[in-house]
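In: take this sequence and fold it.
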Amino acid sequence: MEVKIVSRKENPLLKRREIRFQVEHDQAGSTPPRLEIRKAVANALKIDANLVFVKKLETKTGMQTTVGAANVYDSIEQAKLIEPDYIIKRNVPPEKPREEGKE
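Out: Numbering: from 1, shown residues only. Okay, here's the model as predicted:
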């Protein structure tokens, strides 16, 4: 999976960078999960994956290319103030359910 940063825009008021990216996923076949793309974008930008929030992913029919948008914040606290709850939940790994009764 290759990530190419298409554009960057600094937004000093919201203390974030708005990133547009393109992902080539020839070997995967289908669109990779959001969490994998989040880690790949963080690696391309050489930052912590917890500061990256993928907002949009779009794959055209029959193509092996996904385009998307992400916001990269200076701190997690700033992200929690600005990003809607549903975007934050999409970018957090799901919790494993606890098995009750097992000791």
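
In: where does pLDDT dip in the protein?
Out: Across the chain, residues meeting the criterion (pLDDT under 70) sit at 28-29, 97-103.

In: mind listing the strands for it?
Out: If DSSP state E is used as the criterion, the strands of the chain fall at 2-11, 16-24, 52-59, 65-73.

In: so which of the ones you listed gets nearest Asn91?
Out: The stretch from these with the least distance to Asn91 (C-beta to C-beta) is strand 52-59; that distance is 5.0 Å. All C-beta spots, glycine's among them, are computed from the backbone N, C-alpha and C.

In: buried set for the biggest helix by length in the chain?
Out: Within the chain, and with DSSP state H defining each element, the longest helix by residue count is helix 34-45. The neighbour-count check on helix 34-45 (16 or more other C-beta atoms under 10 Å) flags 37-42, 44-45 as buried.

In: how about stretch 19-35?
Out: Residues 19, 21, 23, 25, 31-32 are the ones in stretch 19-35 that count as buried (16+ other C-beta under 10 Å).

In: in CSV, list the C-alpha atoms belonging to it.
Out: The C-alpha trace of stretch 19-35 is given here as CSV (Å, rounded to 0.1, in the frame of the first residue of the first chain):
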residue,chain,number,x,y,z
ILE,A,19,-4.1,16.7,4.2
ARG,A,20,-5.4,15.2,0.9
PHE,A,21,-3.9,11.9,0.0
GLN,A,22,-4.0,9.1,-2.5
VAL,A,23,-3.6,5.4,-1.6
GLU,A,24,-2.6,2.7,-4.2
HIS,A,25,-3.7,-0.7,-3.0
ASP,A,26,-3.0,-3.1,-5.9
GLN,A,27,-2.1,-6.1,-3.8
ALA,A,28,-4.9,-5.8,-1.3
GLY,A,29,-7.7,-5.9,-3.8
SER,A,30,-10.3,-4.1,-1.8
THR,A,31,-10.1,-0.8,0.0
PRO,A,32,-7.9,-1.1,3.1
PRO,A,33,-9.4,-0.5,6.5
ARG,A,34,-9.4,3.1,7.8
LEU,A,35,-7.0,2.2,10.7
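
In: fine, thanks again, bye for now.
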